[in-house]
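Colleague: what shape does this take:
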Amino acid sequence: MKIALFPGSFDPITIAHVDILNRSLPLFDKIVIGIGLNSAKQNFLSSDQREEMVKTIFADNAKVEVQLYEGLTVDFCRKINAKYMVRGIRSASDFEYERAIAQINQTMMPEVETILLLSKPEYSAISSTIVRDILRNNGNVSPFVPKEALTFL
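Modeller: All right, here's what the predicted structure looks like:
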C-alpha cells in the first residue's frame, strides 16, 4: 500500500492545501494529513479545532486520514509506514525551504521520498499566515478557506 504523509500545521487549512491534497490523491492509496504540534509555536486554533476542521473537510474521502503528531516528521512517517511526503510550493523561496527539509529528511530516512507539487497560480498568494492575519483583524477569509472551515473560524 502506497501511503503518503501531508504534514503541516494547518492553522488554518486553506483552499491551497485542499487543492494540493486533492491533486495528490490519485498517486497514493492513502494520504495521512499530519497536523504537527509544535509547543514553541503560538497557534491561532487549538490542535483539537484544527483536527476537527480537517476531518470535517475530508469526511467523505476514505483515502484521507487525519492525525496529530509531535516530534520529527520522519519519525511520524515511520509510525504510519509512509514512504512519501507531499508538500506544496508556491514560490522559489518555498522551493528552497522545502528542498533543504527534503534533503535533511532523506539523510535521516532514505526510504522516504518527498513529492513537491506546485500550487496553482490562483492559489500562490494564499498562506495560513496571511489568513490568520486577516482573521485577527476581523476580515473575511471565505475566499481563502474551504467553506467547511468557516464554522471553526
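Colleague: what's near enough to touch the residue most central in space within the chain?
Modeller: Note on the chain: the residue nearest the mean C-alpha position is residue 8, at 3.9 Å, using Cα atoms, centre = their mean. Neighbouring residues of residue 8 by Cβ atoms under 8 Å, 6 or more residues apart in numbering: 17, 33-36, 128. C-betas here are computed from N, CA, C, even on glycine.
Colleague: now, these that are in strands?
Modeller: The strands, defined by DSSP state E, take in 33-36 from the contacts of residue 8.
Colleague: from these, pick the one nearest residue 84.
Modeller: residue 34 (12.2 Å; Cβ to Cβ).
Colleague: right, and that closest one touches residue 9 too?
Modeller: No - with contacts counted by Cβ atoms under 8 Å, residue 34 stays clear of residue 9, the gap being 10.0 Å.
Colleague: the two: which is more packed in?
Modeller: More neighbours surround residue 34 than the other of residue 34 and residue 9, with 23 against 18 (other Cβ atoms under 10 Å).
Colleague: how near is the spatially closest residue to residue 72 that is not a sequence neighbour to residue 47?
Modeller: In space, and not counting its chain neighbours, residue 72 is closest to residue 108: 7.4 Å by Cβ to Cβ, 6 or more residues apart in numbering. Distance of residue 108 to residue 47, computed by Cβ to Cβ, to the nearest Å: 24 Å.
Colleague: which strands and helices sit next to the longest helix seen in the chain?
Modeller: What stands out as the longest helix in the chain, according to DSSP state H, is helix 92-108. Counting contacts by 3 or more Cβ pairs under 8 Å, 6 or more residues apart in numbering; DSSP states H and E, helix 92-108 packs against helix 73-80, strand 84-89, strand 113-118.
Colleague: ok, back up a step: pick the one among the contacts of residue 8 closest to residue 153.
Modeller: Nearest to residue 153 among the contacts of residue 8, with distances taken as Cβ to Cβ, is residue 128, at 11.5 Å.
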